[in-house]
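> next input, structure requested:
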Amino acid sequence: MRRGRVLGLLALSSVPGLVFWLAGFDARDGELAELFTDIMSSVGYTYAIAALILTVATLRDERDSGTLPYIYMRPIPRVVMAAQSIIAGAGAALVIGVGGWLVAALASLAVGGDIALALPSLVMFASAAVGYAAVFVPLGYLVPRSLLVGLGYIIVLETILANVVTGLAQFSIWRIALSIYAGLEDGFGNVATENLGPVTAGVGGGVIKLTAVVLIGLGVLTWALKRRDAL
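Prediction:
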């Protein structure tokens with residue numbers, strides 16, 4: 001998390017809040033909640049890209065620099081190392097997510113005079129941070145061109161194929177995070193509902209899916225740390 005990278009990714013994750021700040025001045029008070037959810041659900045993919053750039057580098061940077069063999073020499077169980085890596089990736093992504101959310105919260109305060117409009121969306125940023133870390137940290141360790149593969153996952157699967165093939169929407173981290181957000185926010189707009197697609201809104205179901213993603217990611221990374229060459 002170098003200063004330049006953090007500032008750039010903070011700017012990227014702040015795009016939804018800035019868009020709402022610009023669009024909110026033309027909206028009536030009764031439309032602000034729907035407009036906010038519509039923008040967060042669609043423009044919020046910029047945060048997914050920011051989370052990808054951070055989480056995919058969690059072990060990739062160590063592997064590319066050749067320092068992983070020295071880390072392996074420490075008497076740490078591989079499952080603990082995998083869990084620590086995913087937690088570190090999620091924590092880094094969460095820092096960027098909170099920064100983006102603060103911009104959205106300030107925008108809601110400036111436009112509508114009420115920061116409560118943005119409060120439920122913080123859960124969406126946090127959920128996305130955990131989900132993307134569970135997917136992209138193992139990806140960064142296993143795949144050489146992991147950033148390109150991760151971009152393909154976000155752009156092709158989450159934004160294109162998931163809108164065409166119903167079953168693929170269930171594997172979208174963004175939609176899982178969005179379903180948790182929808183379970184906390186009553187005023188979901190039409191665009192936000194369309195972006196949610198066939199994924200059922202609800203905190204309980206979203207948390208269960210997110211937990212499954214984390215466990216699968218933990219299992220894959222633990223296997224990779226045990227079986228794959230560190231170099």
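
> and the most centrally placed residue in the chain, what does it touch?
Most central in the chain under C-alpha atoms, centre = their mean is Ala128, positioned 3.1 Å from the mean C-alpha point. Applying C-beta atoms under 8 Å, 6 or more residues apart in numbering to Ala128 gives the contacts 47-48, 51, 93, 97, 173-174, 177. Every C-beta, even on glycine, is put in place using the N, C-alpha and C of the backbone.

> what's the average pLDDT for stretch 36-49?
Stretch 36-49 shows a mean pLDDT of 91 in the predicted model.

> hmm, I was thinking of stretch 135-154
Here the average pLDDT along stretch 135-154 is 90.

> span of it from start to end?
One end of stretch 135-154 to the other measures 11 Å (C-alpha to C-alpha, to the nearest Å).

> show me the contact partners of that stretch.
45, 48-49, 51-53, 55-60, 63, 85-86, 89, 173-174, 213, 217, 220-221, 224-225, 228.

> and it, how far out from the chain middle?
Distance of stretch 135-154 from the chain centroid (C-alpha atoms, centre = their mean, to the nearest Å) equals 14 Å.

> and Met81, what pLDDT?
89.

> for the helix or strand harbouring it, packing partners?
Using DSSP states H and E, Met81 sits in helix 78-112. Applying 3 or more C-beta pairs under 8 Å, 6 or more residues apart in numbering; DSSP states H and E, one finds that helix 78-112 contacts helix 3-13, helix 15-24, helix 32-42, helix 45-55, helix 57-65, helix 121-142, helix 203-227.

> and the angle from that helix to helix 32-42?
On the basis of axes from the mean of the first three to the mean of the last three C-alpha atoms, to 10 degrees, helix 78-112 is oriented at 140 degrees to helix 32-42.

> gap between helix 78-112 and the chain center?
For helix 78-112, the distance to the chain centre is 8 Å (C-alpha atoms, centre = their mean).

> hmm, back to that, show the buried residues in the contacts of stretch 135-154.
45, 48-49, 51-53, 55-60, 63, 85-86, 89, 173-174, 213, 217, 220-221, 224-225 (16 or more other C-beta atoms under 10 Å).

> wait, Ala182 sits on Gly205?
No. Assessed by C-beta atoms under 8 Å, Ala182 is found out of contact with Gly205, at 10.4 Å.
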